Structure formats: structure tokens, C-alpha cells
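Asks: Dropping the sequence and predicted coords here.
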Amino acid sequence: MTQNAVGVEFAQRLTENPTTAERRAAILEDPGFGNYFTDHTAVIDWSIDAEGRGGWHQARIEPYGPIAMDPAAAVLHYGQEIFEGLKAYRHADGSVWTFRAEANAHRFNRSAQRLALPELPPELFVESLRQLVSVDRDWVPSGDGEALYLRPFMIATEAFLGVRPAREVSYRVIASPAGNYFGGALKPVSIWLSEHYARAGHGGTGEAKCGGNYAASLAAQLEAEANGCKQVLFLDPYNDNAVEELGGMNIFFVFTDGRVVTPALNGNILRGVTRDSVLQLASDRGLSVEERKITIDEWRASVADGTLAEVFACGTAAVITPIGELKTAEGSLVSPAAGPDSVAMSIREQLLGIQTGAVEDLHGWLTRLA
Ligand SMILES: *Cc1c(COP(=O)(O)O)cnc(C)c1O
């Protein structure tokens, strides 16, 4: 048992077959994204007692491995699931830090409300990361742009086929060493305009970080790949084809007069922590930032009249990635190349610098994990 600030004890059962240092070094050489997992996992269970009160219990660290689950578990049938994604960064002195974890904890609880799952106290969320990273700290890479990706998630484990919120739930965290999300050196990506599929609709789950949104985006993703693109852009066809976001990243536009624009949160769009950080860092620089509706017609017009300077996507996994081209069935919209002085590249540098401890953390965004 290890005691901690939240007063919840995490039982510790460590693996009897830890990855050897040689094997780990070989993995960290070129981790890619989401391919390898550390030796342990953090778990906390939730259930409703006889009096109808829900509670979290049995917080623990255990060896990474398959989850034994009843085939009738609700998550397997009705998709009652949410997740988060954030990273642990190694600083030059060897310490390990995470970025705006409280924001992820709060977003996790908003997702939980939408999917009728129990909320997890934010301090317990952060503590679960600290517990896992403490036992698996050797897995945090130190290479340029590398980090340990943390994936907290919550699933409905109750064996019951009736349709209602599950009374047994499991919260877990797994961790995966991560390099460059798109692989290779950073270069502008081409994205595909989805005109037949939406990932979210009004009143739906677009603002929740749930697996179902990703399942809904995959057919569009296949269409994108068939057209040589790695990501999909979704519009809101019921709102003048307003730009929403990519399958897993928010989108930004920079105009030649210096305005930085991103679609306003409208219930369909995921409330990205990177999105919020970019808005903050851009306004710190004195740039004028706008969260508003931006339509595909405005995008087309600003390419045509030369007032669009940059388009970029952002999210924890890929940080900031310039968008070189929007491909559509009717032709493509090309953005100017993003040089090192572009807003995209210079905010990317600053953000990575804050995360890895090389640039001052003026907003108090970092929390030490190990
Ligand atoms: C996670 C996610 C993002 C990015 O959010 P960050 O907090 O910046 O990582 C954007 N869009 C969708 C659909 C997402 O799931």
C-alpha cells in the first residue's frame, strides 16, 4: 500500500516479468504511437451498494494485462465508455511532469456526466497518474518530441443487457511511450473533407471524449485514406457548413492580418486542452484570438483572396501540425507553407518547451508526477 495526498491507498502488485532494460531501450528507440505499453496499469473500481450509493474502491497498481470481463458487460454492447489522453514529459534533471492534468480530470467528469458514468474526484485522477508513472518511470522517453502517453479510461463492466446506466464500472490507466504521432519528421498533413459523414450532431456526444465518437469517424477516415489523407475534417451541415474539427484534433486558422481563429465550442466540438493552451499563448503574444463560427465558404474565399496565412490542427498526441491541404471531392484548398516563424511552428516550439521544462511555465500548467 502506498499512502498519498488524497488519502486513498493504492495497493501495489508489481509484475513478476518486467520488461528487460535492453528490450525497453529498443522500444524507446522508435516507439511510434500507441504500439507498446508499460509494465503496469492503475485500476479503481466503482459500484452501487445495497443502499443505492455509488463509491470508488480497490484502488490499485497491477501488472499490465488482459481484462477479464463478462461477455454481457455493458461496455461491449452499448458502448458506455469514456477516455482521456495526456502525456508525461521527462525534464533535463530526470524528473517527470504532466501538463494541465486538472483540465483533463474536469473534462473526464463532463464526459462521465454525458455518458451516465460516475465522476471521479479530480485529485484521484491525478493521483492515479502519479501512482502509475512512479512504478513505470523508466518508460518515460527523453528524446526530442517524445513522451509517455497516458490513457485513462472508464468502462461499464456490469453484466446486464437491459438498457440503463451500469452499476459496476472500472476506471483504468494505461501508458504508452510515444514519438511523433504522424511518423517521421514534422511535415504538413493533407486532410479530407467529409461530406457524407458527421462525427457529432446537436445534443449528441460530440463534446464528450467517448469511444463512440471515434467509431463514428472511422468510415470517413477510410474515405480519407482512399483519397491519400491521414485525417478527416467534419463540418456541421445544419449550420451553414461551419467547420467543426478533425476526427481527433481541433483546428485553427491564422489570417494575414494576424487574427487567430478557431471554431467556437458549440456542444459538438471537443474542448481540447491544446486548443485552450494555443488560445492562451496566442493572446499572450498580443495576437487577436477569436472563437467563432467559420464556414467552409469563408475558408474557400480567404484562400482565393490571399488573406489566409496558416491552417493547423492541434491535440495532445500530435501537439500542433500544419495542414498543407484540404482535399475535397470538388478540388483542393492549399494553405501556404508553415515556416519556422509561422504562428503554428512558433507556438508549437513554445508549447513543447513548456512541457519539457525548457521554457518558463508562466501559467502554472505543469504538475510533477515522479
Ligand atoms: C482529444 C481530442 C481532441 C484534442 O484534445 P486535447 O485535449 O488537446 O488533446 C480534439 N478533438 C477530439 C475529437 C478529441 O477526441
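Replies: Structure received.
Asks: Which positions in the stretch 251-370 of the chain make contact with the ligand?
Replies: 270, 272, 273, 274, 275, 315, 316 (Cβ under 6 Å from any ligand atom). Quick note: C-beta positions are derived from backbone N, CA and C, even for glycine.
Asks: if you look at those residues, which of them are in helices?
Replies: 273, 274, 275 (DSSP state H).
Asks: Give me the neighbour count for the residue in the stretch 1-150 of the chain positioned nearest to the ligand.
Replies: Nearest residue of the stretch 1-150 of the chain to the ligand (Cβ to the nearest ligand atom) works out as residue 85 at 5.5 Å. Residue 85 is flanked by 17 other residues according to other Cβ atoms under 10 Å.
Asks: Can you name the residues that contact it?
Replies: 104, 149, 150, 151, 209, 315, 316, 317 (Cβ atoms under 8 Å, 6 or more residues apart in numbering).
Asks: Out of the residues of the stretch 251-370 of the chain next to the ligand, which end up buried?
Replies: 270, 272, 273, 274, 275, 315, 316 (16 or more other Cβ atoms under 10 Å).
Asks: could the residues you listed go into JSON lines alongside distance to residue 25?
Replies: Output for these, formatted as JSON lines (distance: Cβ to Cβ, whole Å):
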{"residue": "270", "distance to residue 25": "35"}
{"residue": "272", "distance to residue 25": "33"}
{"residue": "273", "distance to residue 25": "31"}
{"residue": "274", "distance to residue 25": "30"}
{"residue": "275", "distance to residue 25": "35"}
{"residue": "315", "distance to residue 25": "28"}
{"residue": "316", "distance to residue 25": "25"}
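Asks: ok, residue 244 to the ligand distance?
Replies: According to Cβ to the nearest ligand atom, to the nearest Å, residue 244 stands 9 Å off from the ligand.
Asks: If we ignore the residues flanking it in sequence, what's nearest that residue?
Replies: Setting aside the residues directly before and after it, residue 244 is nearest to residue 234 in space (Cβ to Cβ, 6 or more residues apart in numbering), at 4.8 Å.
Asks: With residue 281 instead?
Replies: Residue 281 sits nearest to residue 347 (Cβ to Cβ, 6+ apart), 5.2 Å away.
Asks: So that neighbour, which state does it fall into?
Replies: helix (DSSP: H, G, I helix; E, B strand; the rest coil).
Asks: Go ahead and confirm it touches residue 283.
Replies: No. At 11.2 Å, residue 347 and residue 283 do not qualify as touching, with contact defined as Cβ atoms under 8 Å.
Asks: Compare these two and say which is more crowded by neighbours.
Replies: residue 347 (26 against 12).
Asks: Read off the pLDDT value for the residue of the stretch 1-150 of the chain closest to the ligand.
Replies: Per-residue confidence at residue 85 stands at 98 (pLDDT).
Asks: in the longest helix along the chain, what counts as buried?
Replies: Assignment by DSSP H gives helix 211-226 as the longest helix of the chain. Residues of helix 211-226 classed as buried by neighbour count (16+ other Cβ under 10 Å): 211, 212, 213, 216, 217, 220, 221, 223, 224.
Asks: Can you give the contact residues for that helix?
Replies: 79, 81-83, 191-192, 194, 196-200, 205-206, 230-232, 234, 247-248, 270.
Asks: Just the ones in strands from those residues, please.
Replies: 81, 82, 83, 191, 192, 231, 232, 234 (DSSP state E).
Asks: Low-confidence ranges, the stretch 1-150 of the chain, go.
Replies: For the stretch 1-150 of the chain, the stretches with pLDDT under 70 are 1-5.
Asks: Strands of that one, start to end?
Replies: 11-12, 40-48, 54-63, 81-83, 86-90, 96-99, 147-156 (DSSP state E, counting those that start in this stretch).
Asks: export these to CSV and tack on mean neighbour count?
Replies: CSV is the format used below for the strands of the stretch 1-150 of the chain (neighbours: other Cβ atoms under 10 Å):
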stretch, mean neighbour count
strand 11-12, 13
strand 40-48, 21
strand 54-63, 16
strand 81-83, 21
strand 86-90, 23
strand 96-99, 23
strand 147-156, 24
